[in-house]
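test case, fold it:
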Amino acid sequence: MTSIISITNSKGGVGKTTTALNLGMALVSEKKRVLLCDNDPQGNLTASLGYIPAEQSHALANLLLAAIDYPEDLELHLGRTIIHTDSGLDLLPANRRLADAAARLQVMQLSQYNAVGEVNRACEKVMSVLLEQLQDQYDYIIIDCGLKHELLTVNALAASDYCIIPVQAHFLASEGIPDVLELVKSVQAKFNPNLKIAGILLTMYQSRPQLCQSVKASVSEVYGEDFHVFQRPIEYSIKVAECPAAGQSIFEYAPKNAAAESYRSLAEEVLALG
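Numbering: from 1, shown residues only. Below is the predicted model of the structure:
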């Protein structure tokens, strides 16, 4: 069975893309077949793997539009779009055309247009149709969600088994959690009752500063009884910030770094989800 995991938070700068990339690489190191899906028109995940988003003639936008207009040709488009990287990860890249696909989804929503007259082809379920074509090929599909274009995020959550909520270890960043939980609750009620919150992940964590420790304690106290908080926060390191420029994960760029150990711990917990 394929596990589909969305990495999402309504706030920026919390480490969504970094988490998607390094969790994926940690799972590959455990001999898992992993597909990363860049669900952000900015294409940050695509760029982090060393590809120029604007140069991708086939990207997620093409697949979403194909799933809407000619799903019978979807398999052909998938073969053209998936990038097999040298690291062992596969990638569905994204670029600014994804914003056009999001606009198309919005038109469908406003007009209550249903592509083939079935609920599973509603505008919120287009990504589900797309990813169903890939479930035999991968153990894990990890979706990196952007900030805006809410329908893209709803599509990701509607297609997912789990979501992970990264939260920067800073008081103001942790305030974004209620918004994410509300969106997840809405998707569970309307489109995907099987969606589960895998956990809240503290990122950019410094073990010594009192503020980080206070946020960790606060998040655990407020949400720990209702939601899992991953055991090991992601350690802050300048090496993590340098990785995208090198087009590498932390495991390739600085495998002995404390952040690499943090992502290995995260991967162990994700593997335990089943």
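
pretty sure S220 sits against V229.
Yes - taking C-beta atoms under 8 Å as the definition, S220 is a contact partner of V229 at 5.1 Å. Any C-beta I mention is one placed from the backbone N, CA and C, and that applies to glycine too.

the more surrounded of these two?
Higher neighbour count among S220 and V229: V229, with 18 against 14, using other C-beta atoms under 10 Å.

all helices of the stretch 1-150 of the chain, in order?
In the stretch 1-150 of the chain, the helices defined using DSSP state H, counting those that start in this stretch lie at 16-28, 44-48, 60-69, 74-81, 97-110, 126-132, 150-159.

may I see those helices arranged in TSV, with distance to Q248, mean pLDDT and mean neighbour count as well?
Formatted as TSV, the helices of the stretch 1-150 of the chain follow (distance: least, C-beta to C-beta, whole Å; pLDDT from 0 to 100; neighbours: other C-beta atoms under 10 Å):
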stretch	distance to Q248	mean pLDDT	mean neighbour count
helix 16-28	9	95	26
helix 44-48	8	95	24
helix 60-69	22	93	21
helix 74-81	22	90	14
helix 97-110	24	91	17
helix 126-132	26	93	23
helix 150-159	25	95	24
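
closest one to S249 among the ones you listed?
helix 16-28 (3.9 Å; C-beta to C-beta).

just the CA atoms of the closest one, as PDB, please.
Only the C-alpha atoms of helix 16-28 are listed here, as PDB (Å, rounded to 0.1, in the frame of the first residue of the first chain):
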ATOM      1  CA  LYS A  16       7.800  22.500   4.500                       C
ATOM      2  CA  THR A  17      10.000  22.100   1.400                       C
ATOM      3  CA  THR A  18      13.000  21.100   3.500                       C
ATOM      4  CA  THR A  19      11.000  18.600   5.400                       C
ATOM      5  CA  ALA A  20       9.500  17.100   2.200                       C
ATOM      6  CA  LEU A  21      12.900  16.700   0.600                       C
ATOM      7  CA  ASN A  22      14.800  15.300   3.600                       C
ATOM      8  CA  LEU A  23      12.000  13.000   4.800                       C
ATOM      9  CA  GLY A  24      11.900  11.600   1.200                       C
ATOM     10  CA  MET A  25      15.600  11.100   1.200                       C
ATOM     11  CA  ALA A  26      15.600   9.400   4.600                       C
ATOM     12  CA  LEU A  27      12.900   7.000   3.400                       C
ATOM     13  CA  VAL A  28      14.900   6.300   0.200                       C
END
